[in-house]
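> with the input below, show me the fold.
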Amino acid sequence: MSHFQEIENYVNSLKVLDTHEHLMEESERLKLGSDPLVVFLPHYLSSDLVSSGMKLDELNILRSEDTPLEERWRSFMDHWVEVENTGYAQAIKIAARDLYGVEEFGVDSWRELGNAMKNFHNQGLYEHVLKKKSGIELSINDELPKGVKESWDTWILECCKAPLFIWVWDSLKDHYLPDLNKIIETNRYDK
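This next block holds a predicted model:
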């Protein structure tokens, strides 16, 4: 056995404490379905795509199952060239390979990936991905607990009073949801 293989085996045997996650409850996650683009594009990779020039309207089409996956995947692949070397894109490729057995992440992999994701789309998904495949013993989830989410609007309204927040918001607002944009634009201190 090579030194590399020894090190790889050792690293793969380590158990992990994951101290920062943003996971919705598994039952809520399962409601999203198993469409690869719906699963992969809620945030991180989508930011890379927008930064590379993708229009928000096009991103929203990719995220919607109203258009067949094959068609959306072709559009996604047109932009993949611009983001495939980012950390978030690499994570998607690793997930496709290590979780779903899809070795080639390309124009024609949409069907294989979609089918593989459907096979794992059931109760126990988190157990499979986090514990069995990733060796994570404990995840600390940083989602707002039920009952606290109602304070979100209050927090946003307070942020609207802060000049630094508004300054940052003005440079980023086109990348966020229209509903959030409407709340902030309506309540910002300088309007």
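
> use CA for all of it now, contacts and neighbours both
Will do.

> what number of residues lie near residue 59?
Look at residue 59: counted by other C-alpha atoms under 10 Å, it has 20 neighbours.

> just the pLDDT for it.
Per-residue confidence (pLDDT) for residue 59: 92.

> contact partners for it?
Applying C-alpha atoms under 8 Å, 6 or more residues apart in numbering, we find residue 59 in contact with 46, 50.

> backbone dihedrals for it, both of them.
In terms of degrees, to the nearest 10, the main-chain angles of residue 59 are phi -60, psi -40.

> mind checking how far it is from residue 43?
According to C-alpha to C-alpha, to the nearest Å, residue 59 stands 11 Å off from residue 43.

> equivalent analysis for residue 85, please.
In terms of C-alpha to C-alpha, residue 85 sits 17 Å off from residue 43.

> for residue 136, same thing?
Relative to residue 43, residue 136 is positioned 22 Å away (criterion: C-alpha to C-alpha).

> settle it for me: which of the two has more neighbours?
The residue with more neighbours, out of residue 136 and residue 43, is residue 136; 16 against 11, by other C-alpha under 10 Å.

> how about the strands of the chain, start to end?
Here the chain has its strands, by DSSP state E, at 16-21, 136-141.

> can you give me the helices in this protein?
Ranges of helices in the chain, per DSSP state H, are 3-13, 26-31, 36-40, 44-51, 56-62, 69-83, 87-98, 110-119, 125-126, 152-159, 163-172, 178-187.

> how about those helices in TSV, adding distance to residue 19?
Formatted as TSV, the helices of the chain follow (distance: least, C-alpha to C-alpha, whole Å):
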stretch	distance to residue 19
helix 3-13	18
helix 26-31	18
helix 36-40	22
helix 44-51	18
helix 56-62	30
helix 69-83	27
helix 87-98	18
helix 110-119	26
helix 125-126	16
helix 152-159	23
helix 163-172	27
helix 178-187	28
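
> for residue 140, which of those is the nearest?
Closest to residue 140 of the helices of the chain is helix 125-126 (C-alpha to C-alpha; 13.3 Å).

> pLDDT (mean, whole number) over that closest one?
Rounded mean pLDDT across helix 125-126 is 88.

> deepest in the core, which of the strands of the chain is it.
strand 136-141 (a mean of 14; mean count of other C-alpha atoms under 10 Å).

> okay, angle between that strand and strand 16-21 too, please.
10 degrees (axes from the mean of the first three to the mean of the last three C-alpha atoms, to 10 degrees).

> quick one: strands adjacent to strand 136-141?
According to DSSP bridges, strand 136-141 has the following sheet partners: strand 16-21 (parallel).

> residue contacts, residue 135?
Contacts of residue 135 by C-alpha under 8 Å, 6+ apart are 12-16.

> residues near residue 37, how many?
21.
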